[in-house]
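Engineer: Make a model of this:
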Amino acid sequence: MGNNYATPKNKTVSFLLCLFLGVFGAHKFYEGKTGLGVLYFFTGGLFGIGWIVDTVKLLCELISKPASASAKPPIIKPAPDASFSETIVTDNAVSASPLSSNSLPDGEKDYNLFDEIEDDCILCYEYEENLSLEEGAIESLSGKGGTFVTFEKEPDNPYDNKAVAIYLENNKIGYIYRGNIQKMANQFMNKGFPVIGYINKYSISENHATYKIGFYRPKGELESKSFSVVKIRKTADDGFMSRAESLLLCSEGDIVTVEQDNIEGAYILYNYAGDEIGELPKSANDFLDENHYGRLVCVLDECNEDSNGNVKAKVTIHLSCSKRS
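Structural biologist: A predicted model of the protein is given here:
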């Protein structure tokens, strides 16, 4: 299914407008939330409370958003190969949840830099792998933890016609080891799907390094389903901001988080800052429970406020990998 995503609003601009003109609702008008903008204008930013809350909220979003250690290189997309046959790898999968510790020196940090969506494709698999280093290449990794690498097939390699070389800043540093990851890299690249990687950990003294590699598939090839967001008017559990207010901080195209409530079993939606923005309807429970997928990506498709101040939203859930057995 095809989705048209609106360009997300610049969070820095929103923050600056809120900081200096938020009492007049300037940031709300900028974000396209006209109803709230008018309300802020005539109530002095909800009597100053809404202005202060929005300022703190936007500031937290700005300083908490991770930045990649270096710019991403162009994605290598070799010519499609009609003989594509996908391999599913289940061993050594990397969890996306742990965060890097800034207290660790470079070389020991665990980076998590993959975007869920890249070039209209969804991240389906990610792994951390040992790097088969070229002789003397370890020295070039100093200070390069979190730096993106590129992959290049070597069909004329005299030792392995399935060889996939790894390049760091246009310098070959090694290869993907033979095995399932090499096979997946060939298959995805032959199909023209994005394959992205970066240096993760390394030890110069031990001549050892790891990289992380992510495999993406086009949205159109994945099972997906759209749902309306419900219970937006319900008060958030923390009581700090209403679900509606938190939802209106989002932009169409944003990735939102889905977590199932252990008590009621409802699937609750959260924005990037971790604030509740609503729930999925019961039909989504059936959809997710039936498929029991291990990984999903939830995208905010629509988010708007009508003239009566009612907030409405829709999300699309992309099931990005095969069913668990």
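Engineer: biggest helix in this structure, by residue count?
Structural biologist: helix 49-64 (DSSP state H).
Engineer: So what's the gap between the helix or strand just after that one and the chain middle?
Structural biologist: On the C-terminal side of helix 49-64, the closest following helix or strand by DSSP states H and E is strand 117-118. Strand 117-118 sits 7 Å away from the centroid of its parent chain (CA atoms, centre = their mean, to the nearest Å).
Engineer: one step back: what is the longest helix of the chain packed up against?
Structural biologist: helix 11-21, helix 34-47 (3 or more CB pairs under 8 Å, 6 or more residues apart in numbering; DSSP states H and E). All C-beta atoms are positioned from the backbone trio N, CA, C, and that covers glycine.
Engineer: make it 7 Å
Structural biologist: helix 11-21 (3 or more CB pairs under 7 Å, 6 or more residues apart in numbering; DSSP states H and E).
Engineer: which residues sit against the helix or strand that comes right after the helix it packs on?
Structural biologist: Once helix 11-21 ends, the next helix or strand along the chain (criterion: DSSP H and E) is helix 26-30. Residues from elsewhere that reach helix 26-30, judged by CB atoms under 7 Å, 6 or more residues apart in numbering: 9, 13-14, 17-18, 36-37, 40, 54.
Engineer: Would you list the buried entries among those residues?
Structural biologist: 9, 14, 17-18, 36-37, 40, 54 (16 or more other CB atoms under 10 Å).
Engineer: okay, the residues you listed in TSV with distance to residue 249 and pLDDT next?
Structural biologist: Shown next, in TSV, are these (distance: CB to CB, whole Å; pLDDT from 0 to 100):
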residue	distance to residue 249	pLDDT
9	10	50
14	8	79
17	13	87
18	10	87
36	10	78
37	13	80
40	14	84
54	8	84
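Engineer: what's the closest of the residues you listed to residue 169?
Structural biologist: residue 9 (33.1 Å; CB to CB).
Engineer: mind checking the SS state of residue 185?
Structural biologist: When classified by DSSP: H, G, I helix; E, B strand; the rest coil, residue 185 comes out as helix.
Engineer: Ramachandran angles for the residue nearest to it when sequence neighbours are not counted?
Structural biologist: Among residues not flanking residue 185 along the chain, residue 164 sits closest, at 4.8 Å (CB to CB, 6 or more residues apart in numbering). Here is the backbone geometry of residue 164 (degrees, to the nearest 10): phi -130, psi 110.
Engineer: Correct me if wrong: residue 164 contacts residue 182.
Structural biologist: Yes. Look at residue 164 against residue 182 with CB atoms under 7 Å: they come within range, at 5.7 Å.
Engineer: Can you pick out the residue with more neighbours from these two?
Structural biologist: Set side by side, residue 164 and residue 182 show more neighbours around residue 164, with 23 against 19, by other CB atoms under 10 Å.
Engineer: Quickly list what that one is bridged to.
Structural biologist: residue 153 (DSSP bridges).
Engineer: Next up, the contacts around it.
Structural biologist: Neighbour list for residue 164: 151, 153, 175-176, 182, 185-186 [criterion: CB under 7 Å, 6+ apart].
Engineer: quick one: which of those has the most company?
Structural biologist: For those, neighbours tallied by other CB under 10 Å; top is residue 176, 25 neighbours.
Engineer: Leaving out sequence neighbours, find the closest residue to residue 307.
Structural biologist: Excluding the flanking residues, the one nearest residue 307 by CB to CB, 6+ apart is residue 35, at 6.9 Å.
Engineer: right, I mislabeled it, should have said residue 301
Structural biologist: residue 314 (4.7 Å).
Engineer: same deal with residue 203?
Structural biologist: Distances taken as CB to CB, 6+ apart place residue 107 nearest to residue 203, at 6.4 Å, with adjacent residues excluded.
Engineer: so who does that neighbour touch?
Structural biologist: By CB under 7 Å, 6+ apart, the residues touching residue 107 are 145, 201-203.
Engineer: Can you select the buried ones from the residues you listed in ChimeraX?
Structural biologist: Entered in ChimeraX, the line below selects the buried ones among the contacts of residue 107, by 16+ other CB under 10 Å:
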select :145,201,202
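Engineer: Just put the contacts of residue 107 in TSV and tack on secondary structure.
Structural biologist: Converted to TSV, the contacts of residue 107 look like this (three-state DSSP):
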residue	secondary structure
145	coil
201	strand
202	strand
203	strand
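Engineer: What is the most widely separated pair among the contacts of residue 107?
Structural biologist: Spatial extent of the contacts of residue 107 (CB to CB) is set by the pair 145 and 203 at 11.1 Å.
Engineer: circling back: which of the contacts of residue 164 lies closest to residue 141?
Structural biologist: Among the contacts of residue 164, and counting by CB to CB, the member closest to residue 141 is residue 175, at 14.8 Å.
Engineer: separation between the nearest residue to the closest one once chain neighbours are set aside and residue 244?
Structural biologist: Counting by CB to CB, 6+ apart, residue 132 is the residue found nearest to residue 175 once chain neighbours are left out, at 4.4 Å. Computed as CB to CB, to the nearest Å, the residue 132 to residue 244 distance reads 52 Å.
Engineer: So for these two, which sits in the more crowded spot?
Structural biologist: Taking other CB under 10 Å, residue 132 and residue 244 do not tie; residue 244 has more neighbours (20 against 17).
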